[in-house]
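J.: I would like to see how this sequence folds:
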Amino acid sequence: MDLLRLILAYCLGERGFRLTAAWATSVGLVDVSSVALLYRLRQCGDWLALLIGQALAAAAPRAGRGRLIRIIDATTVPKKGLNGRKKNEVWRIHSAFDLPQERFGHFELTDQQDGERLDRIPAVAGEIRLADRAYLQPERMATLIQAGADFVIRAGWKSARWLDGKGCAFNLIAELRKAAERGLLDCPIWIKPKRGTPLAMRLVAVKKPQQAAAEARRKARRTAQKGGHQLSNKTLQAADWVILVTSLAPDDFTTDDILALYRLRWRIELGFKRLKSLVGLKGPPGTNERSARSHILAHLLMILLLEPLVDELEDSPRLAEAA
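T.: Here you go, the predicted structure:
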């Protein structure tokens, strides 16, 4: 416990090695030099990861309590040093946020070379995984289905090879046009992976409110302008819609259910906000990878310890409980 207190005092404080070592000596925690503190920090990465795993396991939901809703996403913090700034290098924290527990259920730390993957986090049979556009990955979606999990994933109009029931190309934009008056589309669809047979999915799309649609079109125009390419008419039409792909059957989950599930995705953004504001996670000092890893892991451990108390620490109760 003394070592953990020492490491947390350094990583979550602003004293630096020398002042942290002096503080530890002054309060009678441990008589340690700044060099010895640096050595311990570099050696404790695996230990901190083990503590995080134990904290996650202690709060893991039981399968008999209903279906787990697991929101996945990643956040980043910048790497220090001239090389890191020049190349925009980051540490990427791949995360899962579990509902109804309202807490992080998984962390994995990589650098910017390791991208976001839908199946990076082990699937729990019966879970419903929520994810944004970056995770529309047919081969990995198939892996989740094989593991007994379901998903609701945001999609772009051209982010997959859409097929109809006969194996022919599915004209998504044309179908959205037909559904424009109703403002809602819910139909079977198939996605062709790079290898293997097409995945039988369900397409759910809802038209955005007028103001949100106008903002989405403005954003699409800005992106095209920055990228120096011409914006297609189809992209503008698709900007009016929220397009979702799911493995959940309509007999079990209505259209409104699917839309309500996806609206829960913002909860992980609140989790990231707490991680960076409440615990103060930012780019670790120094360029040594082992020190940086321990620094970030210490913050992840702290948010896990604080999450059960978050309602007492924040100004307002969670929206789920206030509703």
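J.: does the residue nearest to T20 when sequence neighbours are not counted count as helix, strand or coil?
T.: Distances taken as C-beta to C-beta, 6 or more residues apart in numbering place Y10 nearest to T20, at 4.4 Å, with adjacent residues excluded. The C-beta positions use only the backbone N, C-alpha and C, and glycine is treated the same way. What DSSP: H, G, I helix; E, B strand; the rest coil gives for Y10 is helix.
J.: how much space between Y10 and L51?
T.: Using C-beta to C-beta, to the nearest Å, Y10 is found at 16 Å from L51.
J.: for the stretch 51-200 of the chain, which spans come out with low pLDDT?
T.: Within the stretch 51-200 of the chain, the ranges that satisfy pLDDT under 70 run 56-66, 82-85.
J.: where do the strands of it begin and end?
T.: For the stretch 51-200 of the chain, applying DSSP state E, counting those that start in this stretch gives strands covering 69-78, 90-99, 103-111, 128-131, 150-155, 162-163, 184-191, 199-207.
J.: give me the angle between the fifth one and strand 199-207.
T.: Just to be clear, that refers to strand 150-155. Angle of strand 150-155 versus strand 199-207, following axes from the mean of the first three to the mean of the last three C-alpha atoms, to 10 degrees, is 50 degrees.
J.: now strand 150-155: buried residues?
T.: D150, F151, V152, I153, R154, A155 (16 or more other C-beta atoms under 10 Å).
J.: could you export these as JSON lines, including distance to E139?
T.: Output for the buried residues of strand 150-155, formatted as JSON lines (distance: C-beta to C-beta, whole Å):
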{"residue": "D150", "distance to E139": "17"}
{"residue": "F151", "distance to E139": "13"}
{"residue": "V152", "distance to E139": "18"}
{"residue": "I153", "distance to E139": "13"}
{"residue": "R154", "distance to E139": "18"}
{"residue": "A155", "distance to E139": "16"}
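J.: before we move on, the earlier item: quick one, which of the strands of the stretch 51-200 of the chain gets closest to R5.
T.: strand 103-111 (21.2 Å; C-beta to C-beta).
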